[in-house]
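>>> The following comprises the amino acid sequence and a computationally predicted model.
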Amino acid sequence: MIHKTFFNMIFFCYFISLMKRALFCGGVVATGYLGYLYYKNKKLRNIAAELSMRKPLNWVPPDRSTILKSLKSQTYDLLIIGGGSAGAGCVLDAATRGLKVALVEANDFASGSSSKSTNLLHGGIRYLEQAVNNLALLELEFVAEGLSERQTVINMAPYLCKPLETIIPVYNKLRIPYIWFGMKIYHYLSGNKSLGKPKYISKNKVKEYFPNIDGERLKGAVSYVDGIFNDARMNVMVILTSIFYGADCINYMPVIRLIKEENKVVGGICKDKLTGEEISIKAKGVISTVGPFTDSIMQMDKPGCENRMQVSSGAHLVFAKEWGPRTQGFVQPKTKDGRVLFFIPWQNHLVVGTTDTPCKPVFNIKPTMEDTDNIFYEVKKFLKSSSKISKKDIKSIWSGIRPLVKDPHVKNTKKLLRRHLIEVTPNNMLLLTGGKWTIFRRMAEETINKAVETFSLTPQRPCITKYIKLLGSDIPKNEIIQHLRSTTNHSDEYIDYLYNQYGDRAYLFSDKNQTQLSQYHPFAEEEIEYAISNEMAVKPIDAISRRMRFAHLDVFEAYKTTDKVIDIFSKKKNWNISERKNEKKDLLEALKNEGLDIIMKFRK
């Protein structure tokens, strides 16, 4: 099998080399096309520069009542249903084209799978392996698509995204050239957007990078460079940037019925979860971007229609950073069930995942003991026996649902590609589903292109999201760090935290002494107030899980601060005793989605 795969790799390298030579030898045609692309991109860059302006530090999104008033009174070009990564990408694309666009989200922005990813910006080494093993150009194209978008996403919000050297340990010397060839293909597919070349790494260097790794059978390693980001904050910043450019976006506003005229969907009837009020939102076109819940929206459009989704859940465990690699990501290339397992240094912690378990599309998916046991088994196997890691060391556990589109020829969800589907339904609603975070911008561009055609819209400008900077990205990092060092008494570590969370919005924390929520983490009470006033946090879990990532990283410690969190929300929102009680109950229930129940069992 390894000989066949090795031959396939050589074939792919040769194929890519031929393609490069063909492009070079194309002479005038190739040069002319590249020149066209250069001037086209330069034009788009100039349009984006004209539209983009430094977003004032005192800018805040409109309050909920203002947004509601607008939703009730206007007819939009587009209504987007769903506020995860796909919906956020679409609303940003539409708003920056000058279209009048609204977005409604049933819960909080990014409250589903968009805040529960492995936080990688990547082409997908698992799909690369499938492509090589099966000589499958479709998989190769999918990998290349992700790699071409990776750098673009990093450029949109450099404070939330960065390159990450990732290391694949090798336990058989014969596999070193095989893996190196594979990562060389990965590098070639990146073209001029490569983040770094693959390298061979010695056994001793691997153990230096990851002191806890079991190095007994280790023969060496191969490294490659991918991207890492903060998924939930990225999602929220895309939404806020869209609002800055004129979109109306609101959370906790589920669509309960579609509005149809002459067998065409022209809006939605929504129910405000905070007040129970029902409102009608009218639009020339409606786009569904609800991911795993696509089939439920499709049933509203055409009852009895065939389901399109075949979803699965992916669980992750969070540990203290000391258990993991120093600064690099690590990959266990094959678990006992044939999956790839990532060990990622993220937000000053170690995240390990993921699983692939067929499931039903439920919103509040809770991690299971089975998934926890499966991942922990692999963690123990990967670490040296003297590390003495136990389940008491797990800080959080969470699962996200992959929005996989059905393939009648594939029964195993592990083999389903994360490709996206754009489709016009029988009642003229536009459907976007599938895909993954890395290509969210490209999926949105294709979807809005289709929307312009389908609904006969007239945008003021073409798609420019490739060159749009998200909120927080206007001021260079060095300038922000220098300012905070000269104007505050914050430690360098805390300044780095503020920059990595808020970018240039960190300036807003420069004149305050922060009150920490927990002695073990940098999260501050003032950040909760900021999340409410500046980042559209409606409920306590919005702030401590998706704006601050506290509960996502250490759910038990977050649990111990629930009274403080409720106090801050209560003061900001003028809750009465009954509202406080209900909100605390909701918060404690939501913490179960971050593994609180399981972790409390481990700590008894």
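Received it, and whenever you're ready, just let me know what you need.

>>> Checking residue 287 next. Helix, strand or coil?
When classified by DSSP: H, G, I helix; E, B strand; the rest coil, residue 287 comes out as strand.

>>> residues contacting the spatially most central residue of the chain?
Taking C-alpha atoms, centre = their mean, the centroid of the chain lies closest to residue 231, which sits 3.6 Å from it. Applying C-beta atoms under 8 Å, 6 or more residues apart in numbering to residue 231 gives the contacts 85, 110, 114-117, 119, 437. For every residue, glycine as well, the C-beta is placed using N, CA and C.

>>> Counting neighbours, what do you get for residue 216?
For residue 216, the neighbour count with other C-beta atoms under 10 Å is 8.

>>> and it, which of the three is it?
coil.

>>> quick one, what contacts the nearest residue to residue 59 once chain neighbours are set aside?
Leaving out its chain neighbours, the residue that sits closest to residue 59 by C-beta to C-beta, 6 or more residues apart in numbering is residue 244, at 6.6 Å. Residues in contact with residue 244 (C-beta under 8 Å, 6+ apart) are 55, 59, 61, 471.

>>> again with residue 109
Residues in contact with residue 109 (C-beta under 8 Å, 6+ apart) are 83-84, 88, 235-236, 239, 249, 251, 536, 546.

>>> pretty sure it is in a helix, no?
No. Counting by three-state DSSP, residue 109 is not found in a helix; it is coil.

>>> burial of the nearest residue to it once chain neighbours are set aside, as a residue count?
Nearest non-adjacent residue to residue 109, counting by C-beta to C-beta, 6+ apart: residue 83, 4.3 Å away. Residues near residue 83, counting by other C-beta under 10 Å, number 31.

>>> Secondary structure class of residue 83, three-state.
coil.

>>> Go ahead and confirm it touches residue 103.
Yes. With contact defined as C-beta atoms under 8 Å, residue 83 reaches residue 103; the gap is 5.8 Å.

>>> hey, what's in contact with both of the two?
239, 249.

>>> Can you give me the pLDDT of residue 416?
Looking at residue 416, its pLDDT stands at 58.

>>> and residue 197, how many residues sit next to it?
Residue 197: 12 surrounding residues under other C-beta under 10 Å.

>>> my bad, should have said residue 205
The criterion is other C-beta under 10 Å. On that basis, residue 205 has 15 neighbouring residues.

>>> Can you tell me the SS state at it?
With three-state DSSP as the basis, residue 205 sits in helix.

>>> now the nearest residue to it once chain neighbours are set aside, which residues is it bridged with?
For residue 205, ignoring the flanking residues on the chain, the nearest one in space by C-beta to C-beta, 6+ apart is residue 221 at 7.8 Å. Note on residue 221: beta-bridge partners residue 169, residue 201, judged by DSSP bridges.

>>> Surely residue 221 touches residue 206?
Yes. Here residue 221 reaches residue 206: they are 4.7 Å apart, a contact under C-beta under 8 Å.

>>> between the two, which one's more packed in?
The neighbour count for residue 221 versus residue 206, taken as other C-beta under 10 Å, is higher for residue 221 (26 against 23).

>>> OK, contacts around the residue nearest to residue 109?
Counting by C-beta under 8 Å, 6+ apart, the residues that residue 83 touches are 103-105, 108-110, 235, 239, 249, 251.

>>> which of these tops the neighbour count?
Comparing the contacts of residue 83 by number of neighbours (other C-beta under 10 Å), residue 109 comes first, having 32 neighbours.

>>> Please tell me how far that residue sits from residue 593.
Look at residue 109 and residue 593: by C-beta to C-beta, to the nearest Å, they are 16 Å apart.

>>> So what's the residue count around residue 44?
17.

>>> what do you get for residue 306?
Number of residues near residue 306 (other C-beta under 10 Å) recorded here: 8.

>>> That one looks like it's in a strand, true?
No. Counting by three-state DSSP, residue 306 is located in no strand; its state is coil.

>>> tell me the phi and psi of it?
Dihedral pair for residue 306: phi -70, psi 140, per degrees, to the nearest 10.

>>> Residue 126 should be in a helix, yeah?
Yes. Remark: residue 126 belongs to a helix, assigned using three-state DSSP.

>>> any idea how far residue 138 is from the closest residue to it other than its chain neighbours?
Excluding its sequence neighbours, the residue lying closest to residue 126 (C-beta to C-beta, 6+ apart) is residue 340, at 5.0 Å. Separation of residue 340 from residue 138 (C-beta to C-beta): 19 Å.

>>> what about the two, which has more around it?
Neighbour totals were compared for residue 340 and residue 138, and residue 340 leads with 19 against 12 (other C-beta under 10 Å).

>>> hang on, that one packs against residue 124?
No. The pair residue 340 / residue 124 is not scored as a contact, 9.1 Å apart, by C-beta under 8 Å.

>>> residue contacts, residue 351?
118-119, 316-318, 342-344.

>>> Then residue 383?
Residue 383 makes contact with 212-214, 323, 389 under the criterion C-beta under 8 Å, 6+ apart.

>>> ok, the residues you listed vs residue 158, which is closest?
Of all the contacts of residue 383, residue 158 sits closest to residue 323, with 28.1 Å by C-beta to C-beta.

>>> Please list all residues in contact with that closest one.
Residue 323 makes contacts with 212, 350, 383, 387, 389, 393, as judged by C-beta under 8 Å, 6+ apart.

>>> Turn those into CSV, columns for distance to residue 366, pLDDT and secondary structure.
Converted to CSV, those look like this (distance: C-beta to C-beta, whole Å; pLDDT from 0 to 100; DSSP: H, G, I helix; E, B strand; the rest coil):
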residue, distance to residue 366, pLDDT, secondary structure
212, 29, 95, coil
350, 22, 98, strand
383, 26, 94, strand
387, 28, 87, helix
389, 23, 95, coil
393, 20, 98, helix
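
>>> hmm, back to that, can you name the two of the contacts of residue 244 that sit furthest apart?
So, these by C-beta to C-beta: farthest apart are 55 and 61, at 11.3 Å.

>>> Test my guess that residue 145 contacts residue 439.
Yes. Between residue 145 and residue 439 there is a contact under C-beta under 8 Å: 5.8 Å.

>>> okay, those two: which has more neighbours?
residue 439 (28 against 21).

>>> Are we agreed that that one is in a strand?
No. Assigned with three-state DSSP, residue 439 falls outside any strand and is helix.

>>> What sits closest to the residue nearest to the centre of the chain if chain neighbours are left out?
In space, and not counting its chain neighbours, residue 231 is closest to residue 117: 4.8 Å by C-beta to C-beta, 6+ apart.

>>> tell me the contacts of the one you found?
Contacts for residue 117 (C-beta under 8 Å, 6+ apart) come out as 231, 400, 436-437.

>>> Burial check on residue 603, number of neighbours?
There are 10 residues near residue 603, going by other C-beta under 10 Å.

>>> So what's the predicted local confidence for it?
Note for residue 603: predicted pLDDT of 88.

>>> same deal with residue 15?
pLDDT recorded at residue 15 is 51.
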